[in-house]
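With the input below, show me the fold.
(2 chains)
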Amino acid sequence: MVRYLVTRVGQAIVVIVLVTVIAFLILHLLPGGAARATLGKEATLDQLAAFNHEMGYDKPWFQQYFLYLRRLVTGDFGYSYQLNQSVAEAITQRLPKTIVLSLLSTVLAVLVAIPLGVIQAVRRNRSADYVITSLSLLAYATPIFFMGLLMIILFSQVWPVLPPEAPQGFTVGEVLAEPAGLVLPVVTLAIVTIAVYSRYVRSSMVDNLNENYVRTARSKGLPEWRVVLVHTLRNGLFPVIGLLGMYLPALFSGALVVESLFNFPGMGQLFWQAALKRDFPILLGVTVVVTIATVAGSLVADLLYAAADPRVRLRRNVS
Amino acid sequence: MTEPLLELRDLDTEIAVRRGAVHALDGVSLRVMPGETLGIVGESGSGKTMTALSIMGLLPSGGRVTGGEILFEGRDLRSLPPDEVRRIRGVRMGMVFQDPFTSLNPTMRIGAQVAEPLRVHEKAGRAEARERAVEILRRVGMPRPDRIAGNYPHELSGGMRQRVAIAMALSCSPRLLIADEPTTALDVTTQRQILELIDDLREELGMAVILVTHDLGVIAGRADRVAVMYAGRVVETAATRELFRAPRHRYTEALLESLPEAADGERLYSIPGLPPDLSQPLTGCRFAPRCRHVTDECRAADIPLTGDTHQFACLHPAANQDQLHARVRPERAPAAERPPLLSIRGLVKNYGQVSAVADVSFDVAPGETFGLVGESGCGKSTVGRLAVGLERPSAGRITLDGTDIAGLSGRERRRMHRQVQLMFQDSYAAMNPRMRVDAILAEPLEIQKVGDRRARIDTLLDQVGLSRQVLERYPHEFSGGQLQRIGLARSLALHPRLIVGDEPVSALDVSIQAQVLNLMRDLQQELGLAYVFISHDLSVVDYMADRIGVMYLGKLVEVGPAGDVVRNARHPYTRALIDAVPTIDAPTVEGLTADGRARERIAIEGELPSALNPPTGCRFRTRCPLAAEICETEPPLTGDTHQVACHFPLRPARASGAEVAHQ
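Numbers count the residues shown, from 1 in each chain, chains lettered A, B, ... in the order given. Okay, here's the model as predicted:
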C-alpha cells in the first residue's frame, strides 16, 4: 500500500511538472507580452525593456521556467501587478469560494444523478427511461452560459424568487450567509453534471443488473428493492467514484462560466478576468492549482475506489 | 403413490429477440418426486437451462413462460401472486449456478451472502443469522467456516465458491435444489468433491435435486432418472440405468455414440449438421434433419412422448437391448523409432515468483499425437505457448527438427513459425472480428510471403470441409464447430508439421466435438501432422493421443503410451484424476470399478497449493495419500516407455515389463 502511494504521488508530480511546462510555454508564446499589458499603451520601449529585464522576461524561456519552478516549490506563485497583490494571495482569497460552489453542485448532482440512473436502469427501455434520457441529453447539449441565462430569466425575472447575482461576500462564511444567492449558480453548475453522472450510473447499473450475481440474489427470493439497492447499487457506483476525480477539470471550466455569469468572486472569475487582461502570473498560478487539484482528485478517487472495492484492495496487496 | 414435488405440464417458454421470439421450450413435461435426483441432459440450446430458469422464475429479460403449468407442492406457481412465488423461490427451492466466479456478489462478505435468506425470509437477527450461516458453511465442507464468513468471494478458489453457492441455496432448507451445470467450470477432482457433497446433502436433508448438465458422465453417476432434451423438448426420459443401458430415442443413441470414451474404432460417430433454429416454426421430430433413421412420417407431425416409465418421442426407436458393453480399444501401434520432431528438455518458465513450468522434458515424434493433461494451473498451456515460441522459456531447450528454437531470431524465427502452429480453445476470441474469413486465412500467407494465396485457401477449405461461401463472412456468423474448422484451416495454411492445440474442443458440444476430433485425425493421416493436444478432458485425450503426459503444478508426473497411462496409471495423481472422471461405462453404473476388480481408489482432497510457493520435493505430496518422508526429495521421472515421477508408484494392474517400483 505504501509503495503504491509512493508511485502514485511520484506520477502525480511528473504530471504537474509537465502541465506547468505546457502552460508556461503557451502563455509565453502569446503575442503582446506581459510588459505591454502591465505598463499600458503609453509605455516607451525603454520602459518595456526595463520591466522585462527586472522581471527576467528577457532571459531564454527555459531559464525563466526554472526560475518560476524554483519559486513555485517555495510556495511563491509570482506577483500580479494588475491586481497589485501576490498570486498566492489572490488565489487563497477566491479558491475556498470556488470549492464551496463546486462541492455544493457536485453533492447536489450526485444526490440527483444516482436515483435517476438507478430508475433508468431498472425501467430500462420503458417510458421513464426514455424521458430521463432525453432530458439528460438536452441538458448535456445545452451550453452552460445559456443554461445560466435561462435560469436567471426564469427564476429572477419571469418568476422572481431568486436573486440573479451570487453573494459578494469576501469570506466563505459571508457567502454561505446568503444561501438564496447560491441557488442559481449551484443548480446551473449541477445540471450538466447530473446529465453526465446519470448516464454513467445508468449504464453501469444496466451492466451490473445483467451480472450472474444479481440472478443469484434473485434466486434467494429477495424482494426486488433489495436486489437493486443492496446487491447491485454498490457495485454499480464504482465507475462513478472514478469519474468524480476525472471530472474536476470539467467542473472548473463550468465554474469559470458560471462565476462570470453570476458575478461570483471565485477562482473562475479570477481566471476569466486575468485572461482578458493578459495577467500571466494569475493565469499560470490558477492553471497550476487546478492541475494539482485534478491530479489530487483522481488520486483520492482511486483510493476511495480501493477502499470501496475489496477486489482492488487484494490486487494491491499482491503487487 | 406419493405426490410429485414438482410437476411441469406442457411448459412453453419464449425469449423475445429483436425480430420475433425464440421458442426456448415447447411443451416440456417433467416430474420430480420428493428426495429423488432428476438429471436433465442436453447440448447447448436444448432448453435444459431454460427449464431450470422457468421453474425458478429467473428467465433473462425478454423471457417469459407462455403456456403450461408449474406445479410445486401441488400449487401452480404461474397463478400465485408474485410475492408468494418469491417466497417459495427463497425458502422451498434453491439454485446453484454454473459459474462460481461470477455468481457471487464480489463486494459482499461470504457470511452476509449466506445469511441473507435467513434474515429476509426467517427474520433472523444479525447474530443468529451469522451463527447459522457459519453452521451451513461448515456443513458444506468449508474449512474454518467462521473465518471464511468474513472473506470476499475473490479470496476463494472456484470449488470453495461453489460450496458457498450451495450453502446459500440451502440456507432455508429447501425441498428442491436445482443445480445448473454446477461443476462445469471446475476441475475434475473438484467436480467430484462437489457432486458428492450435493449427493450427501440430498440424502441428509431429504430434498429433491434437479441436476442440469451437458455431461452424460455426471448424470450417469448421480441421477435416479434422466430427461434428455433436444431443441426445446424432452425427447426421452427413463431411469438412469435403463437410459444408458438401452437408449431408445435416436438422438440419445447418437449422443452416446459421439462420446470419445465410446469410440470402438478409429473414428467417432458424429451427428451431422446443427440443431434447428428455434425462432422458426417447426413441425415433426426436431432431430429428423440429422437422424440416420429418418423417414417421411418423422417430418409430418409432432411426435409425443410414449411409454410408461421409459418414455421416448421417436417413431423408429433403437432396439430395446443392452448397448453397453466393455469397449475394446484397439491399441495403436507405437511410433517407430524416429528422431523426434519436437524435443523439450528441462523446460522452466517462471513469471516473477510464480513457478508455472518446472523442469519438463518430453519428445514428440513426427506424425504422433502427444496429449498433455492436467487441471487448471498445472502449466500445460504455458508449455504449449513455449513450444510454439510465443513466449521464451526461463531455462531449458526446445528443439524442433534438431534446431534450438529458443535461440532463434529474426528470419529464422519466422521460418520456424511455419513449422509449428497453434490452435485455440476459443477460436472466436482468437480471430479479429473485423476481418473476413478470406483475410483471416490469407494473413499467415502474406506474413510468410507465400505465393498463390487463392489456390492455397481453396485447398485449406476443402481440407477442413467448408464451402467457398464462408470466405465472405465474418467470424460472428459461425457456430463454434465451424469456427474451430476455420481456426484449423488457419493453422494449416503454412504446411506446419506440428500443431499445438490448447483445449481445441473444450468449448464444443459432444456431437460437434466428435466432428472436430474426426477432422483432426483425418488431417493427421493425410498430412502426417504431429499434434500436441492439451486438454483437461482425459477421455478426449485418451481418444486422440498416442502418448500422454500428465502435469501437476508445473511438473510432468507421468508420461507413457495413452492406453498404459489411462488404464494402468502409476502416479497417484494420475490415478486420482482418472477416478474423478465421471463416465457412463457399464461398471460405473453398476457401482463397480472400471476393470471389474477391486482396485485402490484414490480421491484427493483439499486445494491445489499455490504456484507462488510450491511444495518442495514431490509437488503432489501435500495431497497424496501415499506421501512419506522421502517425498520431500524430488522423485526423478524414471522408466522406459512408461515413465513416472513417484517414490511409491502404483503397481501396474497387469505386468508391463521392466519397470520396478523402487521403494
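
List, one by one, the residues from chain B near chain A.
Taking C-beta under 8 Å from any C-beta of the partner chain as the contact definition, chain B meets chain A at B:56, B:58, B:61, B:86-91, B:94-95, B:97, B:99, B:102-108, B:116-117, B:120-121, B:152, B:154-155, B:165, B:168-169, B:171. (Glycine included, C-beta is placed from N, CA and C.)

Select only the buried ones of those residues in ChimeraX?
In ChimeraX syntax, the buried subset of the residues of chain B next to chain A is picked out as below (16 or more other C-beta atoms under 10 Å in any protein chain shown):
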select /B:56,58,86,87,88,89,90,91,94,95,97,99,102,103,104,105,106,107,108,116,117,120,121,152,165,168,169,171
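
can you give me the strands for the stretch 451-600 of chain B?
Under the criterion DSSP state E, counting those that start in this stretch, the stretch 451-600 of chain B carries strands at the ranges B:498-502, B:530-535, B:547-552, B:555-561.

which helices and strands does the last one pack with?
For strand B:555-561, the contact count by 3 or more C-beta pairs under 8 Å, 6 or more residues apart in numbering or on different chains; DSSP states H and E identifies strand B:354-364, strand B:547-552, helix B:572-580, strand B:643-644 as packing neighbours.

now the second one
Helices and strands touching strand B:530-535, as assessed by 3+ C-beta pairs under 8 Å, 6+ apart, comprise strand B:369-373, helix B:380-387, strand B:498-502, helix B:510-527, helix B:538-544.

Would you tell me which one of the ones you listed is buried the most?
strand B:369-373 (a mean of 28; mean count of other C-beta atoms under 10 Å in any protein chain shown).

In chain A, which residue sits nearest chain B?
Going by C-beta to the nearest C-beta, chain B is nearest to residue A:221 of chain A, at 1.9 Å.

did I read that right, that residue in a strand?
No. Counting by DSSP: H, G, I helix; E, B strand; the rest coil, residue A:221 is not found in a strand; it is coil.

what's near enough to touch the residue nearest to it when sequence neighbours are not counted?
Closest residue in space to residue A:221, ignoring its immediate chain neighbours: residue B:90 at 1.9 Å, by C-beta to C-beta, 6 or more residues apart in numbering or on different chains. By C-beta atoms under 8 Å, 6 or more residues apart in numbering or on different chains, the contact set of residue B:90 is A:220, A:221, A:222, B:117, B:120, B:121, B:172.

Repeat that for residue A:262.
Counted by C-beta under 8 Å, 6+ apart, residue A:262 has contacts A:148, A:152, A:164, A:165, A:166, A:184, A:185, A:188.

residues near the fourth one, how many?
By the criterion of other C-beta atoms under 10 Å in any protein chain shown, residue A:165 has 16 neighbours.

now the first one
Residue A:148: 24 surrounding residues under other C-beta under 10 Å.

What of residue B:129?
22.

what about it, distance to chain A?
Residue B:129 sits 13 Å away from chain A, going by C-beta to the nearest C-beta, to the nearest Å.

Would you give the sheet partners of the helix or strand residue B:237 falls within, along with the direction of each?
Assigned by DSSP states H and E, residue B:237 belongs to strand B:233-239. Here strand B:233-239 is paired, per DSSP bridges, with strand B:225-230 (antiparallel), strand B:311-312 (antiparallel).

okay, these, which one's buried deepest?
Highest mean neighbour count among the strands paired with strand B:233-239 (mean count of other C-beta under 10 Å): strand B:225-230, with a mean of 26.

what residues does that strand touch?
Outside strand B:225-230, the residues touching it (C-beta under 8 Å, 6+ apart) are B:28, B:30, B:36-43, B:46-48, B:51, B:219, B:234-240, B:243, B:249, B:251-252, B:255, B:275, B:286-287.

Helices - which of the residues you listed land there?
Among the contacts of strand B:225-230, the members found in helices (DSSP state H) are B:48, B:51, B:219, B:240, B:243, B:251, B:252, B:255.

can you list the residues of the stretch 151-300 of chain A near chain B?
Residues of the stretch 151-300 of chain A lying close to chain B by C-beta under 8 Å from any C-beta are A:210-213, A:215-223, A:226, A:231, A:234-235.

one step back: check the contacts of residue B:90 and tell me the two furthest apart.
A:222 and B:172 (11.9 Å; C-beta to C-beta).

picking that back up, need the strands paired with strand B:233-239 in JSON lines (columns: mean pLDDT and distance to residue B:293).
Shown next, in JSON lines, are those (pLDDT from 0 to 100; distance: least, C-beta to C-beta, whole Å):
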{"stretch": "strand B:225-230", "mean pLDDT": "96", "distance to residue B:293": "15"}
{"stretch": "strand B:311-312", "mean pLDDT": "94", "distance to residue B:293": "13"}
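
could you redo these as a markdown table and give each row distance to residue A:261?
Shown next, in a markdown table, are these (distance: least, C-beta to C-beta, whole Å):
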| stretch | distance to residue A:261 |
| --- | --- |
| strand B:225-230 | 66 |
| strand B:311-312 | 78 |
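
do the helix ranked longest in chain A and chain B meet?
When chain A is parsed with DSSP H, its longest helix is helix A:87-122. No. Between helix A:87-122 and chain B, judged by C-beta under 8 Å from any C-beta, nothing touches; the nearest distance is 11.4 Å.

Near residue B:224, how many residues? Count them for me, please.
Around residue B:224 there are 17 other residues, counting by other C-beta under 10 Å.

which parts of the strand holding residue B:237 are buried?
For strand B:233-239, by 16+ other C-beta under 10 Å, it's B:233, B:234, B:235, B:236, B:237, B:238.

by contact count, what packs against the helix or strand encompassing residue A:51?
Using DSSP H and E, residue A:51 sits in helix A:45-55. The contact analysis (3+ C-beta pairs under 8 Å, 6+ apart) places helix A:45-55 against helix A:33-39.

residue ranges with poor pLDDT in the stretch 101-250 of chain A?
By pLDDT under 70, the stretch 101-250 of chain A has no low-scoring segment.

can you map out the strands along it?
Assigned by DSSP E, counting those that start in this stretch, the strands in the stretch 101-250 of chain A number zero.

what's the nearest residue to residue B:511 if we skip its chain neighbours?
In space, and not counting its chain neighbours, residue B:511 is closest to residue B:271: 3.9 Å by C-beta to C-beta, 6+ apart.

quick one: contacts for that neighbour?
Here residue B:271 is in contact with B:251, B:254, B:255, B:258, B:290, B:511, B:514 (C-beta under 8 Å, 6+ apart).

Just the buried residues of stretch A:156-173, please?
Across stretch A:156-173, burial judged by 16+ other C-beta under 10 Å covers A:162, A:163, A:164, A:165, A:166, A:167.

Also stretch B:256-274?
Here stretch B:256-274 shows B:256-263, B:268-271, B:274 as buried, counting by 16+ other C-beta under 10 Å.

next one: stretch A:235-248
Residues of stretch A:235-248 classed as buried: A:235, A:236, A:237, A:238, A:239, A:240, A:241, A:243, A:244, A:245, A:247, A:248 (neighbour count, 16+ other C-beta under 10 Å).

What distance do you get for the first one to residue B:105?
It refers to residue A:235. 7 Å (C-beta to C-beta, to the nearest Å).

next one: the last one
Distance check for residue A:248 against residue B:105: by C-beta to C-beta, it reads 31 Å.

can you check residue B:189 too?
Relative to residue B:105, residue B:189 is positioned 27 Å away (C-beta to C-beta).

Wasn't residue A:82 part of a strand?
No. Checked against three-state DSSP, residue A:82 lies outside a strand; its state is coil.

So it sits against residue A:279, correct?
Yes. Using C-beta atoms under 8 Å, residue A:82 is in contact with residue A:279, at 4.8 Å.

on that earlier part again, dump the helices and strands packed on strand B:530-535 into a markdown table; add distance to residue B:617 and mean pLDDT as well.
Output for the helices and strands packed on strand B:530-535, formatted as a markdown table (distance: least, C-beta to C-beta, whole Å; pLDDT from 0 to 100):
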| stretch | distance to residue B:617 | mean pLDDT |
| --- | --- | --- |
| strand B:369-373 | 22 | 95 |
| helix B:380-387 | 21 | 92 |
| strand B:498-502 | 29 | 94 |
| helix B:510-527 | 38 | 90 |
| helix B:538-544 | 26 | 90 |
